[in-house]
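Peer 1: A structural model of the following input is requested.
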Amino acid sequence: MPSAVAHEFADPTLLGRALTHRSHGADNNERLEFLGDSVLNCVVAQTLLDRFPLAAEGELSRLRANLVNQQALFEVASQLGLGNVLKLGDGEAKTGGQRRPSILADAFEAVVGAVFVDAGYAAARAFVVTSLAQRLQSIDIDAPAKDAKTRLQEWLQARRHPLPRYAVVTITGEAHAQRFDVECTIDVLALRTHGTGSSRRAAEQAAADAAFAQLR
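Peer 2: Numbering: from 1, shown residues only. This next block holds a predicted model:
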């Protein structure tokens, strides 16, 4: 079991199943992932309700989405070292499945489900809160709800400026672990910024955020 996962399983077979991808065999983590997804959302919702008693439903939904999206769960699973102990079929293993965001995010949800089956909701809640502790502590409810590209576009449109152009400058890394470098250009303002990310979309958002920061 990954040392960073703080739960002692009464039934270790549950953990083994949670860390088994469907490519490895029929006894895999898909059902536990299904359960874990619901438990995870419930725990995060309860935690947010307790922390922000005056927040509206829309604000709480936005915060929860930021905490349980695929990229966030991938990063948490990576920090826990789940990729090092995942059981994958030969094909997935050879193509870097142990580092694929969707597979790792699903594995984390499956571990949550396994903890719930093994020891109940309180144990699952403790595991989730511990695993997401840094992210939960850094929540900023006053952070803008709109993404960076939308904010930049609206700022430009309000001033009747043309929209920015985004272009991929470089792509590095292997197919399963690529890094994108994107340039955001606003010709009318002679402004160019760069952003990097694990996807083109993420890199564009980073470049837009850098541009918007210079315009405010």
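Peer 1: When you work out contacts or count neighbours from here on, use the C-alpha atoms and nothing else.
Peer 2: Noted.
Peer 1: Spit out the contact partners of the nearest residue to residue 19 once chain neighbours are set aside.
Peer 2: Using Cα to Cα, 6 or more residues apart in numbering and skipping the chain neighbours, the partner closest in space to residue 19 is residue 86 (5.0 Å). By Cα atoms under 8 Å, 6 or more residues apart in numbering, the contact list for residue 86 reads 19, 20, 21, 98.
Peer 1: isn't there a strand covering residue 139?
Peer 2: No. Looking at residue 139 with DSSP: H, G, I helix; E, B strand; the rest coil, it is coil, so not inside a strand.
Peer 1: how many neighbours does it have?
Peer 2: 13 (other Cα atoms under 10 Å).
Peer 1: which regions of the chain sit below the pLDDT cut-off?
Peer 2: 1-4, 143-146, 216 (pLDDT under 70).
Peer 1: Which helix runs longest in it?
Peer 2: When the chain is parsed with DSSP state H, its longest helix is helix 30-51.
Peer 1: Identify the residue nearest the most centrally placed residue in the chain in space, chain neighbours excluded?
Peer 2: Closest to where the C-alpha atoms of the chain average out (Cα atoms, centre = their mean) is residue 72, at 1.8 Å. Distances taken as Cα to Cα, 6+ apart put residue 66 closest to residue 72, at 7.3 Å, once the chain neighbours are dropped.
Peer 1: Can you get me a residue count around that neighbour?
Peer 2: By the measure other Cα under 10 Å, the count of residues near residue 66 is 15.
Peer 1: Is it part of a helix or strand, or is it coil?
Peer 2: helix.
Peer 1: where's it relative to residue 47, distance?
Peer 2: Noted for residue 66: a distance of 14 Å to residue 47, by Cα to Cα, to the nearest Å.
Peer 1: before we move on, the earlier item: would you mind confirming that the residue nearest to residue 72 is in contact with residue 60?
Peer 2: No. Using Cα atoms under 8 Å, residue 66 makes no contact with residue 60, being 10.0 Å away.
Peer 1: Just list the residues touching the residue nearest to residue 125 when sequence neighbours are not counted, thanks.
Peer 2: Excluding the flanking residues, the one nearest residue 125 by Cα to Cα, 6+ apart is residue 43, at 5.7 Å. By Cα under 8 Å, 6+ apart, residue 43 lies in contact with 125, 128, 129.
Peer 1: what about residue 65, neighbour count?
Peer 2: 15.
Peer 1: And the one 4 residues further on, by the same measure?
Peer 2: Around residue 69 there are 11 other residues, counting by other Cα under 10 Å.
Peer 1: go on, the one 10 residues further on?
Peer 2: With neighbours defined by other Cα under 10 Å, the count for residue 79 comes to 13.
Peer 1: Likewise for residue 58?
Peer 2: 10.
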